[in-house]
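1. sharing a model prediction with you, sequence too.
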Amino acid sequence: ELKLGYSELDANETYLGLNPADLNDAPWSRYAASADDNIESEHFRTYLRHLIEFDNKNQLTTTLYYNAFTRDWNKLDKVNGLNPAQVILADPGVLRGETTGNFKIKSNDREYYLYGVQSKYEHNFETVDLQHKLSLGARLHKDNIDRYQDAATYNNVFAGDFDSPAMITGPDDEGDREQETVALALFVQDRIEFGNWAFTPGLRWEYIDWDYIRRDGRTPAEKDSGNYSVFAGGLGFEYALDNPNAKIFGGYHRGFSVPSPGGKKAGNEYDEETSDTFELGYRYDNSSGFYAEAVAFSTLLQDLIVEDSIAGGPGDGNVGDTETLGLELLAGADFGQIFDQSYGIPVRLAFTFTDATLDGDVASEDPESIFGAGEDGKQVPYIPEIQVSFTAGLEFGNFSTYAVVTYVDERYADARNSSQQVNTHGDPDARFGKLDSFVTVDLSASCRLTDNSEVFAKVSNIFEEEYVSSRIPLGPRAGAPRLFSMGLNRRF
């Protein structure tokens, strides 16, 4: 199997958000200060996959893959020497172009490459009364990131008047670095079935070798390399109840997230982020059109990594641990099938409760970090406690239509859980504060023209709900407005 993909993007997209008053008045507007913000990118991806079926009990799948992504994002970086998220609150007039100011626009040029080979061997066999499906896998992977940045500074100009820069600074001042990783991953998994039971134990081990080099003119020069390994395992289970349509399932799984080479270099030396997740659930599904599911879960996350970014701050490294308790409920039915109608009336209700809190205080009080000064028991930023989705549809003949109502609860934008838009030093900063709850409604419809073709249409956020989707990277941003789309699916 061969897959080839290529895409290009040219978008006048910005990191810059809006002052709360402007957000209420015109949520989808833009400031003149972001007039030159633009991203251009190219993305090429491919894989070649080969399957050997030795017999009905043994098969080997091997995949070669390659992915290249390049982009250059020209965007506002500083206003009067400050983070634009601070200027949004302190002096929005300079962003609107009402007064003159000093603007720095940075070109963030990136090249990303990754390639590798992965093989998975599957073997079905029996031992006494046990049915086994054994999977063994290996992956050799390499990836590379190359950053090359320059910037233009405009002094005492109105926002948007970016024709003649007062100063150009190159990569020696703005950043020129490269990081590379080579990784070997091995895993084994076995699904074991007997009677009403099924167990799936699994293990994964990964060895990582990394290099980091900063080539710019800043001192001291940095070049570092190293290696480490990480290990994870898990066990899942299923139990089929006497009712053939119901089962209980659950398990324990350990996960990990590794820091980038920049996070492992001397001076940072972040630990790997790890997690322990437990879940227990019940699932029911019958042929009459009704299904339901309930899952309780707990995740203990250790050494949460916050990398250096405009959104998260200057890079706090391992900010600490978090605890998450949650419940997912799902129920659905096709009332047309239940009442033996010639048309379908599918409905679906999904509910998620998540209580994600810090387990311990965050040591950093850096005013640029949204995790700064977080205290034990405070909510993790951007995780709502309640999310609800309700879907109702009508299906008859070749036509179908659906309505989806989504509710997202309020959440905090920083680990201090403050409702005020101020950083840890008490300075105005639009990245901090709270995000209100919101409700959106989407409608969609499709019509099958032939056995191989279908037309479809969709309206997202049909009532054009105005809400803040995020306060990062640089201040509050509105969620998407009403969006119409339509298209054609053709199978041949």
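-> In hand now; what should we look at?

2. look up phi and psi at residue 236.
-> Main-chain dihedrals, residue 236, degrees, to the nearest 10: phi -110, psi 160.

3. which element is the closest residue to it other than its chain neighbours on?
-> Distances taken as Cβ to Cβ, 6 or more residues apart in numbering place residue 251 nearest to residue 236, at 3.5 Å, with adjacent residues excluded. Quick note: C-beta positions are derived from backbone N, CA and C, even for glycine. Using DSSP states H and E, residue 251 falls within strand 246-257.

4. from the contact counts, what lies against that strand?
-> strand 222-240, strand 273-285 (3 or more Cβ pairs under 8 Å, 6 or more residues apart in numbering; DSSP states H and E).

5. helix, strand or coil for the closest residue to residue 164 other than its chain neighbours?
-> What sits nearest to residue 164 in space, not counting adjacent residues and going by Cβ to Cβ, 6+ apart, is residue 154, at 7.7 Å. Following DSSP: H, G, I helix; E, B strand; the rest coil, the label given to residue 154 is strand.

6. from residue 484, how far off is residue 458?
-> Distance of residue 458 to residue 484, computed by Cβ to Cβ, to the nearest Å: 8 Å.

7. ok, those two, which is more surrounded?
-> Per other Cβ atoms under 10 Å, whichever of residue 458 and residue 484 has more neighbours is residue 458, with 17 against 9.

8. list the contacts for the closest residue to residue 300 other than its chain neighbours?
-> Leaving out its chain neighbours, the residue that sits closest to residue 300 by Cβ to Cβ, 6+ apart is residue 276, at 4.7 Å. Residues counted as contacts of residue 276 (Cβ atoms under 8 Å, 6 or more residues apart in numbering) are 252, 253, 254, 299, 300, 302.

9. tell me the buried residues in the helix or strand hosting the last one?
-> To tie it back to what came earlier, the one meant is residue 302. Using DSSP H and E, residue 302 maps to strand 290-306. Neighbour counts over strand 290-306 (16 or more other Cβ atoms under 10 Å) mark 290-293, 295-297, 299-306 as buried.

10. also stretch 60-67?
-> Per 16+ other Cβ under 10 Å, stretch 60-67 contains these buried residues: 61, 63, 65, 67.

11. coming back round to it: out of the contacts of residue 276, which comes closest to residue 54?
-> Distance to residue 54, by Cβ to Cβ, is smallest for residue 253 among the contacts of residue 276, at 30.5 Å.

12. so that closest one versus residue 279, what's the distance?
-> 8 Å.

13. what of residue 99?
-> Taking Cβ to Cβ, one finds residue 99 at 55 Å from residue 279.

14. compare those two and say which is more crowded by neighbours.
-> residue 279 (17 against 11).

15. for this structure, which spans come out with low pLDDT?
-> For the chain, applying pLDDT under 70 flags the ranges 219, 308-316.

16. centre-most residue in it?
-> The centroid of the chain falls nearest to residue 382 when counting by Cα atoms, centre = their mean (11.8 Å).
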